[in-house]
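1. only geometry, no sequence info:
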């Protein structure tokens, strides 16, 4: 909640700019909001995956995706939780690959699936609010982990 909820709030702010500039549909705006929160979750998951064993990461990721789905939709759905987990892990894989368009292209493909201007949205940075959310959550969660480890010493 500490890392994902603020990302959803920032998505609402970024949405106004997106709507004005690109005349997005209601469904694209809804996907945009949800995807930014998902990217924030990917940032936190990256911190856990890089610093804890898989035996810890696996239930953490499942619990995080369950909470994310509850936050976004108000109820649990196994299909939504599974999609969130798979997508979150694909964002991490895209980031680690270093290939272009990577995570940015994945974001645009997921949010603007039917939009004829998808290449323009990618080129003009429609993915930037999502990447900002991911990087902020990654940085904040890493800082919190370092602080907790220092306090434990």
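-> Structure's in. What do you need? Source: prediction; values computed, not measured. Numbering: from 1, shown residues only.
2. Measure how buried residue 123 is and give me the count.
-> 12 (other C-beta atoms under 10 Å). Yep, even glycine has a C-beta here, placed from its N, CA and C like the rest.
3. likewise residue 2?
-> 10.
4. and what of residue 74?
-> With other C-beta under 10 Å as criterion, residue 74 counts 7.
5. Please report the distance of it from residue 25.
-> 22 Å (C-beta to C-beta, to the nearest Å).
6. Quick check, central residue of the chain?
-> Nearest residue to the geometric centre of the chain (C-alpha atoms, centre = their mean): residue 39, 0.9 Å.
7. Tell me if I'm right that it and residue 130 touch.
-> Yes: between residue 39 and residue 130 there is a contact under C-beta atoms under 8 Å: 4.2 Å.
8. Identify the contacts common to the two.
-> residue 107 (C-beta atoms under 8 Å, 6 or more residues apart in numbering).
9. Mind giving me the packing neighbours of the strand or helix carrying residue 38?
-> Taking DSSP states H and E as the criterion, residue 38 maps to helix 26-51. Where contact means 3 or more C-beta pairs under 8 Å, 6 or more residues apart in numbering; DSSP states H and E, helix 26-51 is packed against helix 4-22, helix 54-73, helix 78-97, helix 102-111, helix 128-152.
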